[in-house]
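S.K.: Okay, predicted coordinates and the sequence, questions at the end:
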Amino acid sequence: HTHDTHDTQQTAKSTVSTLLTHEAVNVVVMGLDARFQFFPSIWFWFVLTVYEGLLAGATYVNAFVMVSANAPQEHSEFCMGAAAFGGSIGIASAGGVAIAVNQGLRGVGGR
C-alpha cells in the first residue's frame, strides 16, 4: 500500500509540474499575441482557451490527489478545504492581474 501511495504522489507531482509548464507557455504565447497580434483568427484564441481550461482542470485534480495522498487522515478534510480556498484566491488574484495587464497592453498597443 505504501509503495502505491508513493507512486501516486510521484506521478501527481510530475504531472502537475508538466501541466504548469504548459500553462506558463500558454501565458507567454497569449501575451505575445496580445501585444503583436500574430494569430490570424480568433479561433486560435478559442482553441488556446479551451486547452488552458483543460490544463487547469487537470492541474486542480492532480493537486488534490497530492493533498489527499500527503495529508494525515484526521486532517484531510481541513487540508482539502485549505487547498480549495487557496485555489479560489489564486483564481481571483489572476483575474485582478489580468485586468491590470489588459489595461497595460491596451495602452502599449494603442487599442
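M.R.: Happy to help now that I have it. Residues are numbered from 1 along each chain as shown.
S.K.: which sections of the chain are below the confidence cut-off?
M.R.: Filtered on pLDDT under 70, the chain yields the residue ranges 1-5, 108-111.
S.K.: So which residues of this protein form helices?
M.R.: Along the chain, the stretches classed as helices by DSSP state H are 2-36, 42-70, 76-109.
S.K.: Grab the nearest non-local neighbour of the residue nearest in space to the middle of the chain.
M.R.: With distances taken as CA atoms, centre = their mean, A56 lies nearest the centre of the chain, 4.1 Å away. Nearest non-adjacent residue to A56, counting by CB to CB, 6 or more residues apart in numbering: E23, 7.0 Å away. (Glycine included, C-beta is placed from N, CA and C.)
S.K.: so what's that neighbour up against?
M.R.: Neighbouring residues of E23 by CB atoms under 8 Å, 6 or more residues apart in numbering: 52, 55-56, 59.
S.K.: One more: Q9?
M.R.: Under the contact definition (CB under 8 Å, 6+ apart), the residues listed for Q9 are 66, 69-70.
S.K.: would CSV of those residues with distance to A100 and neighbour count be doable?
M.R.: Listed next are those as CSV, based on distance: CB to CB, whole Å; neighbours: other CB atoms under 10 Å:
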residue, distance to A100, neighbour count
M66, 31, 18
A69, 36, 18
N70, 34, 12
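S.K.: just those residues now: which is nearest I91?
M.R.: The shortest approach to I91 among the contacts of Q9 belongs to M66, at 18.4 Å (CB to CB).
S.K.: Against Q73, how distant is the closest one?
M.R.: 16 Å (CB to CB, to the nearest Å).
S.K.: And T15, by the same measure?
M.R.: Taken as CB to CB, the span from T15 to Q73 is 24 Å.
S.K.: More neighbours: the two, which one.
M.R.: The neighbour comparison of T15 against Q73 (other CB atoms under 10 Å) goes to T15, with 17 against 7.
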